[in-house]
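>>> quick one, what's the 3D model for this:
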Amino acid sequence: MGMSNGTGTGTLPASSTLTAQQKTTLAAMAEEEKLAHDVYLALAADTSDVRFSRIATAEQRHLNAVRTLMLRYGVTDPTAGKAAGEFTSSSVAQQYSELVAQGTKSLVAALEVGRGIEQADLADLRAATKNLTAPDVTAVYTHLSEASARHLRVFGG
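This is a model prediction of the structure:
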C-alpha cells in the first residue's frame, strides 16, 4: 500500500519554516498545554469530578502533538523531564500554584479555573496562528482551538 495511516508523523520533515518568534510561541504552547494538564490533574484529585480527569487526558494528547512539532522544527521542549506542577518558566509555575489554590476552594471555583484556562488558550492560539504559514503547525493549532472550545463548554462556558 505504501500510504501513511497517520502514525509516525513525528518523523516527517518540517513542511515549512518558522520564525524565531513562532518557535518561541510553539515552546510556550507546550508549557500552556502542560499547565492545563497539571492543573486539571490536581483539580480532578481534589474534586473527584470526572470532567477534569477526562480533559487532563486530552491535554496530554495535545502536549504530545506540540512536542512532535517542536521535535520537527528543532525547538527545545521546555516541558521535558518536568514532573506535574514543575515548569521551566517561573511565571507559569506561579500561575499553576495560583490556579490550583483557586480551584481547590470548591467545585464552582474549579470549573471557573477550567473556563479561564480554556479562554486563555483560545486567545493565545488565535494570536499564534496570525502570519503562520506552516500547514502542520496551523493544523495542530486549529485542532487545539477546537478542543479548547469543547472543553470550555464542558466547564460551563
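
>>> report the separation between the spatially most central residue of the chain and L107.
The centroid of the chain falls nearest to E33 when counting by C-alpha atoms, centre = their mean (2.0 Å). According to C-beta to C-beta, to the nearest Å, E33 stands 23 Å off from L107. No exception for glycine: its C-beta is placed from N, CA and C like everyone else's.

>>> enumerate every residue touching S16.
T133, A134, P135, D136, V137 (C-beta atoms under 8 Å, 6 or more residues apart in numbering).

>>> coming back round to it: wait, the residue nearest to the centre of the chain sits on L63?
Yes - applying C-beta atoms under 8 Å, one finds E33 in contact with L63, separated by 4.1 Å.

>>> what residues are shared contacts of the two?
By C-beta under 8 Å, 6+ apart, E33 and L63 have no common neighbours.

>>> the helices in the protein, which residues?
Taking DSSP state H, the helices of the chain run over residues 20-47, 50-73, 90-103, 107-129, 135-154.

>>> and the longest one, what does it pack against?
Contacting helix 20-47 under the criterion 3 or more C-beta pairs under 8 Å, 6 or more residues apart in numbering; DSSP states H and E are the following elements: helix 50-73, helix 90-103, helix 107-129, helix 135-154.
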